[in-house]
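Undergrad: when you get a sec, could you give me coordinates for this:
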Amino acid sequence: MEQHGYFKVNQRSLYATAYLPKGKAVTAAVLCEPFGEEKRCAYRMLVRLARQLCSRGVAVLRFDFSGTGDSSGVHEAASWNDWQEEARAAVAFLKGLAGVSDCTCLGFRAGAILAAGCANLCTKLVLCEPILTGAELFNDLERRQKIKDMMGKAPVAEGTLPPGARDFGGFVLSERLITEMQTAKLDAASIPETCRVLLLHVTGAKTYPRTWEGLVARSDARIIADKPFWGQVDYFESDAVNTPIADFLAPSTEETK
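TA: Here you go, the predicted model:
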């Protein structure tokens, strides 16, 4: 059963879709999705993942952070610290909604930083092709924008953005968000030993990035040979990514609708 609606975090209304299995849920999972354009690219795959998990008895919550999607606020007023608070609130909200005591937080790309910030509230953590720092995310956004500008995309007219703000493909980052983002990081050492971690590297390579060494040592790490789900122009679905996640959360091979 899919339910659409809002839940509140400090007067911010967050739009969410809850996927609730028939009968009692065996566990719960909150999805922290990629940022900006990457979220659009991964949308279909993550909806399919939510439905697959639900068919295995997992209650799932997908939601839009404040200032994004259908949630309240505007993107140029969004705050990274608010997003972290919202991710933690989403875990508590879903536990109450599903009537379970344990939960997994699933982080995709930049969402992995926010998911890892919920690790002390979770029994499991999934980090799928994680961006490890907010500074890395910001640099990646700048790189993509330079490529667009070289391809002839018209720059934003001067004076249309607040001081210190930047526009990346229609996603405006305020000076506050940029500052908070620069200090955000995914620290493997801060993940409690009681929280099991699945780490997925989606690549054609056979090795992990050197910067992932701490996470690889801490996790059940796997290399998934598939296309980058966060960068496809057309709708893209990846069973190669979704299946190991579903098996990690709910190992049963029998799925019922």
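Undergrad: so T17: helix, strand or coil?
TA: strand (DSSP: H, G, I helix; E, B strand; the rest coil).
Undergrad: quick one: mean pLDDT for stretch 188-202?
TA: Stretch 188-202 shows a mean pLDDT of 96.
Undergrad: typo on my end, it should be stretch 20-38
TA: The model assigns stretch 20-38 a mean pLDDT of 95.
Undergrad: list the buried residues in it.
TA: 20-21, 25-38 (16 or more other C-beta atoms under 10 Å). Bear in mind the C-beta positions are built from the backbone N, C-alpha and C, glycine included.
Undergrad: so which residues of the protein form strands?
TA: Assigned by DSSP state E, the strands in the chain fall at 2-9, 12-19, 27-32, 58-63, 104-108, 124-128, 166-168, 171-173, 196-202, 220-224.
Undergrad: what residues does the second one touch?
TA: So that's strand 12-19. 1-8, 50-51, 53-54, 59-66, 69-73, 82, 86, 90, 94, 97 (C-beta atoms under 8 Å, 6 or more residues apart in numbering).
Undergrad: now, of these, which are buried?
TA: 7, 50, 53-54, 59-66, 71, 73, 82, 86, 90, 94, 97.
Undergrad: below-threshold pLDDT in the stretch 151-257 of the chain: ranges please.
TA: 153-159, 252-257 (pLDDT under 70).
Undergrad: and the helices in it?
TA: 175-183, 213-218, 239-249 (DSSP state H, counting those that start in this stretch).
Undergrad: identify whichever of those lies nearest to T207.
TA: The minimum distance between T207 and those falls on helix 213-218, with 9.8 Å, by C-beta to C-beta.
Undergrad: what's the burial count for the residue lying closest to C118 once chain neighbours are set aside?
TA: The spatially closest residue to C118, leaving aside those adjacent along the chain, is C105, at 4.4 Å (C-beta to C-beta, 6 or more residues apart in numbering). Here the number of neighbours of C105 (other C-beta atoms under 10 Å) works out to 30.
Undergrad: hmm, back to that, and of the strands of the chain, who's closest to F236?
TA: strand 196-202 (11.3 Å).
Undergrad: can you tell me the strand partners of that closest one and which way each runs?
TA: strand 124-128 (parallel), strand 220-224 (parallel) (DSSP bridges).
Undergrad: just the angle between it and helix 239-249, please?
TA: If you take axes from the mean of the first three to the mean of the last three C-alpha atoms, to 10 degrees, strand 196-202 sits at 180 degrees to helix 239-249.
Undergrad: distance between strand 196-202 and the chain's centre?
TA: 13 Å (C-alpha atoms, centre = their mean, to the nearest Å).
Undergrad: same thing with stretch 189-201?
TA: 15 Å.
Undergrad: hmm, who's touching it?
TA: Counting by C-beta under 8 Å, 6+ apart, residues outside stretch 189-201 touching it are 116, 119-120, 122-130, 208-209, 212, 214-216, 218-224, 241, 244-245, 248.
Undergrad: many thanks, we can stop here.
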